[in-house]
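In: All I have is the shape, not the residue letters:
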């Protein structure tokens, strides 16, 4: 078992013929992920990835012809909102949006629409999903991970690779790695993913990687205290970040007295979560 | 991106929100002319993108054009929290009977806009939230429906606004929502919204923060950007698509990925050092971008050592190494450097750097400790 994606997941890639899309589609195929189709308006009928993947004009056609049940979005930010609505209307139950730079007001409409339809969204501005040995749906480098029992949920990208890598080097593997993304309004959040890990028999420990901005980590801490029985280890990035400045991610900003790393750490520790002082300390705390 | 008070108020006025008569001046002489046109007392308000202008002496009332000139001269010579005052807004003075706070922001948790209102206007909403949270009335707005009229009435009733003002208030609330939606704002607020001497509602002060991610569809707003909002190095970084924030420490950081960049700053501090900046070179950084990043880091005279931490996924370590060599060649590097390259093409990257005199590390903690020690030796 794992969560969200596995070897049976049939992935459609929106923006498969672009620079990012084609590069990562190839890496996903190399990881034996079932990339069944692509969508690029204007390029329907062509083939991508050395003639391995058919390209369609619309998501609707791609789903009908190839039975895709997950969409991965790589299109540039200004077209991504439309791509998100298109995936939802094509009846795809799980959508992962890698694209970065979406306007917050657009994302509020997307999230409300997805909730009404009961569609799961990961991202935007995220590295996607990796179930080691089974499916890579996004840009997390496959070689840093190996199959195992640690579930990882994180707001950042490369910091997550760093943590996965440290865990793998310490001899442990991962059930699924979930990059939920660094935007203020996004799809699945810590709590939803924690619940999935709690229910997943393969996962026996959980790593949560948060950062400054908002209060999702505080809410996750409350949830952990009441509902999570598996051990949780956390790291919070941005302990040295100045207030009022957006630290790369749209959602990583200390506003007034809210969003501080110190408050998040305090809340997590109160929920009996072990909080690492730096990323490489995580494997030690997992043992 | 933050907009000035005068810009925000003009955007409000276009959408039917009453504001005081007034104009912007860049010289004391102009301020005097505007004041004499007004034929009444005026308020001279410094236009800088920080809070606390009043406390810093950046807002003054002038009773005559002569006094307006004198006060404008004083204010235009000021710096407030490090920002030079380049413009003043000269507004007709208003008699204030009542101050209200009215604002819209994006609620991250509720995933929709929220309109907030408080009968305690004139003070920062965070302060009201901390001291008397029960005085803040909130209406959550469905992003597909927008603000409905009944919601404005809910708010008016909630703050105990006299019934005679409800229609005017509903119009202002609607104008504020329109401004928020049409400018892709993350914050749009009127503080204070006042009941003036002639018993009219009026927006005395305004603030808009525009979502940077939406600026591509608002060229008119992009032009309003005040370069003083960011440090010169941050503006330079933006040109190259780098995400950079200047800090006060001694160790320059070059990292790929925002989370890892923050994590790197944190670990430097954990080992007793101080980061000089936040810098995310982004995914797929090429040699050109890396060289630009280097120039920006080294233009900071406080930098005593540089830590390069690259975890290659999309980013290729050999490309980064080439950028580093290019930068050394072009800029000349006279501070110690510690490099950690992990991931895609790491061997090639490390081989390229083997001849350049720099320390290397495989683990993050090791890299941070080496950088901290190097900065101390310098």
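Out: Now that the structure is in, tell me what you want to look at. The model shown is predicted, which means the values in this text are computed figures rather than measured ones. Residues are numbered from 1 along each chain as shown, chains lettered A, B, ... in the order given.
In: wait, what's in contact with residue 53?
Out: This is for chain A. A:13, A:16, A:25, A:29, A:35, A:36, A:37, A:38, A:47 (C-beta atoms under 8 Å, 6 or more residues apart in numbering or on different chains). In this view, the C-beta of every residue, glycine as well, is placed from N, C-alpha and C.
In: Switch to chain B, please.
Out: B:45, B:46, B:59, B:80.
In: ok so, going back, any of the contacts of residue A:53 buried? List them.
Out: Using 16 or more other C-beta atoms under 10 Å in any protein chain shown as the burial test, the contacts of residue A:53 include A:13, A:16, A:25, A:29, A:35, A:36, A:37, A:38 as buried.
In: filter those down to the ones close to chain B.
Out: Contacts with chain B are made by none of the buried ones among the contacts of residue A:53, judged by C-beta under 8 Å from any C-beta of the partner chain.
In: from these, which two are the most distant?
Out: Spanning the widest gap among these are A:29 and A:37, at 12.4 Å by C-beta to C-beta.
In: these two touch, right, residue A:28 and residue A:139?
Out: No - the pair residue A:28 / residue A:139 is not scored as a contact, 9.2 Å apart, by C-beta atoms under 8 Å.
In: tell me the domain boundaries of chain B?
Out: Residue ranges for the domains of chain B, per automatic domain parsing: B:21-92, B:96-222, B:231-377.
In: tell me how far the ends of the first one are from each other?
Out: The distance separating the two terminal residues of domain B:21-92, taken as C-alpha to C-alpha, to the nearest Å, comes to 6 Å.
In: do the same with the longest one
Out: The distance separating the two terminal residues of domain B:231-377, taken as C-alpha to C-alpha, comes to 29 Å.
In: Let me see the contact set for the residue lying farthest from the centre of chain A.
Out: Note on chain A: the largest C-alpha distance from the chain mean falls to residue A:45, namely 30.1 Å (C-alpha atoms, centre = their mean). Each residue near residue A:45 by C-beta under 8 Å, 6+ apart is listed here: residue A:55.
In: Let me know the secondary structure of it.
Out: Going by DSSP: H, G, I helix; E, B strand; the rest coil, the secondary structure assigned to residue A:45 is coil.
In: what's it sitting at in phi/psi?
Out: Backbone torsions of residue A:45, given as degrees, to the nearest 10, read phi 100, psi -20.
In: where in chain B is pLDDT low?
Out: For chain B, the stretches with pLDDT under 70 are B:283-284.
In: Of all the helix elements in it, which one is longest?
Out: helix B:166-182 (DSSP state H).
In: Tell me the predicted confidence for the nearest residue to residue A:32 once chain neighbours are set aside.
Out: Distances taken as C-beta to C-beta, 6 or more residues apart in numbering or on different chains put residue A:7 closest to residue A:32, at 7.7 Å, once the chain neighbours are dropped. We have a pLDDT of 96 for residue A:7.
In: helix, strand or coil for residue A:7?
Out: For residue A:7, the assignment made with three-state DSSP gives coil.
In: now swap in residue B:315 and tell me
Out: coil.
In: Check the contact between it and residue B:343; I expect there is one.
Out: Yes - taking contacts as C-beta under 8 Å, residue B:315 lies within contact range of residue B:343: 7.4 Å.
In: Inside strands: which ones of the buried ones among the contacts of residue A:53?
Out: A:13, A:35, A:36, A:37, A:38 (DSSP state E).
In: what residues are up against the second one?
Out: Meaning residue A:35. Contacts of residue A:35 by C-beta under 8 Å, 6+ apart are A:11, A:13, A:25, A:28, A:29, A:49, A:52, A:53.
In: any chance of those residues in TSV, plus distance to residue B:137?
Out: Below are the contacts of residue A:35 laid out as TSV (distance: C-beta to C-beta, whole Å):
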residue	distance to residue B:137
A:11	46
A:13	46
A:25	50
A:28	49
A:29	54
A:49	55
A:52	58
A:53	53
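In: Of the domains of chain B, which is nearest residue A:215?
Out: domain B:96-222 (7.1 Å).
In: still on that earlier bit, among the contacts of residue B:53, which are in helices?
Out: Cross-referencing the contacts of residue B:53 against helices under DSSP H gives no overlap.
In: And the strands in the stretch 1-150 of chain A?
Out: A:10-14, A:34-39, A:47-48, A:53-56, A:70-73, A:94-97, A:120-122, A:128-131, A:135-138, A:147-154 (DSSP state E, counting those that start in this stretch).
In: Next, the buried residues of the last one.
Out: When you say that, I think you mean strand A:147-154. Here strand A:147-154 shows A:148, A:149, A:150, A:151, A:152, A:153, A:154 as buried, counting by 16+ other C-beta under 10 Å.
In: Looking at the stretch 101-250 of chain B, which residue is nearest chain A?
Out: residue B:214 (3.7 Å; C-beta to the nearest C-beta).
In: from the buried residues of strand A:147-154, which are also near chain B?
Out: Within the buried residues of strand A:147-154, those near chain B by C-beta under 8 Å from any C-beta are residue A:154.
In: Tell me the residues of the stretch 101-250 of chain B that contact chain A?
Out: B:106, B:108-109, B:111-113, B:126, B:130, B:142-144, B:181, B:184, B:186, B:211-214, B:216-217, B:243, B:245, B:247.
In: What subset of those residues is buried?
Out: So, by 16+ other C-beta under 10 Å, the buried ones in those are B:106, B:108, B:111-113, B:143, B:181, B:184, B:186, B:211-214, B:243, B:245, B:247.
In: Out of these, list just those in helices.
Out: Using DSSP H, those in helices are residue B:181.
In: how deep is residue B:129 tucked in, by neighbour count?
Out: 16 (other C-beta atoms under 10 Å in any protein chain shown).
In: my read: it touches residue B:136, true?
Out: Yes - between residue B:129 and residue B:136 there is a contact at 6.1 Å, judged by C-beta under 8 Å.
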